[in-house]
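> Next come a sequence and a model predicted from it.
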Amino acid sequence: MIVKIDNSNIDICISLVHKLWPDLNLNELSKEILDSTFGEYFLYEKSDGKYIGFIQLSIRKDYVEGCKTSPTAYIEGIYVEPEYRRQAIAMKLIEFAKEWGKKNGCKELASDCELDNTLSIKFHNNAGFKEVNRLVCFIKSLGEH
């Protein structure tokens, strides 16, 4: 079952999100999860009540690479505990995201990952996503030098 986070499951959501993005500060992460401006978080709950995965969804109204329509439903993050992978749980989360996007007036669902994240690229391909672009980002300080 897929459930929206609330006060009763926020701690497990924080734990799962931190497993996906371990470099994030836990205090900032907690504030972000509670602040709906960063999207909505949903947990995958097994029949025994154990939470084993999450998906973070948002509606992007700015340009989304490769999309032809706006707004666009966007998967900001998706994670399933390693011991529960290859059991179609992530695919259920994707199906949920598709329906969530439709309910929010979207015609497309988008996502991204780092260029070297071959596991995520393979997952997205297997989930029916089409790669539309590769991107390398740059930054230059405007300070001294």
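All right, it came through fine. Residues are numbered from 1 along each chain as shown.

> Just say helix, strand or coil for the residue nearest the centre of the chain.
Per CA atoms, centre = their mean, the C-alpha nearest to the average position across the chain is that of G77, at 1.9 Å. Using DSSP: H, G, I helix; E, B strand; the rest coil, the structure places G77 in strand.

> how close does it get to G143?
Between G77 and G143 the computed distance is 32 Å (CB to CB, to the nearest Å). For the C-beta atoms, the positions are set from N, CA and C on the backbone; glycine is no exception.

> Over to K50?
For K50 relative to G143 (CB to CB), the value is 49 Å.

> Next: F129.
For F129, the distance to G143 - CB to CB - is 39 Å.

> What of K92?
Taken as CB to CB, the span from K92 to G143 is 48 Å.

> These two: who's more crowded?
Higher neighbour count among K92 and G143: K92, with 16 against 5, using other CB atoms under 10 Å.

> what residues does the helix-or-strand element of the chain with minimal mean pLDDT touch?
In the chain, the helix or strand scored least confidently by mean pLDDT, DSSP states H and E is helix 26-34, which has a mean of 81. Helix 26-34 has contacts (CB atoms under 8 Å, 6 or more residues apart in numbering) with I5, I10, C13, I14, V17, H18, W21, F38, Y41.

> For that helix, buried residues please.
Neighbour-count burial for helix 26-34 flags L29, S30, E32, I33 (criterion: 16 or more other CB atoms under 10 Å).

> Of those residues, just say which sits nearest to D62.
D62 has its nearest neighbour among these in E32, at 18.9 Å by CB to CB.

> quick one: that closest one from D11, how far?
From E32 to D11 the distance is 14 Å (CB to CB).

> And for D62?
Taking CB to CB, one finds D62 at 32 Å from D11.

> Which residue of these two possesses the greater neighbour count?
Counted by other CB under 10 Å, D62 and D11 do not tie: D11 has more neighbours, with 12 against 7.

> quick one: contacts for the more buried one?
Taking CB under 8 Å, 6+ apart, we find D11 in contact with no residue.

> all helices in this protein, in order from the N-terminus.
In the chain, the helices defined using DSSP state H lie at 10-20, 26-34, 89-103, 118-126.

> got these as TSV, with distance to K46 columns?
Shown next, in TSV, are the helices of the chain (distance: least, CB to CB, whole Å):
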stretch	distance to K46
helix 10-20	12
helix 26-34	21
helix 89-103	9
helix 118-126	20
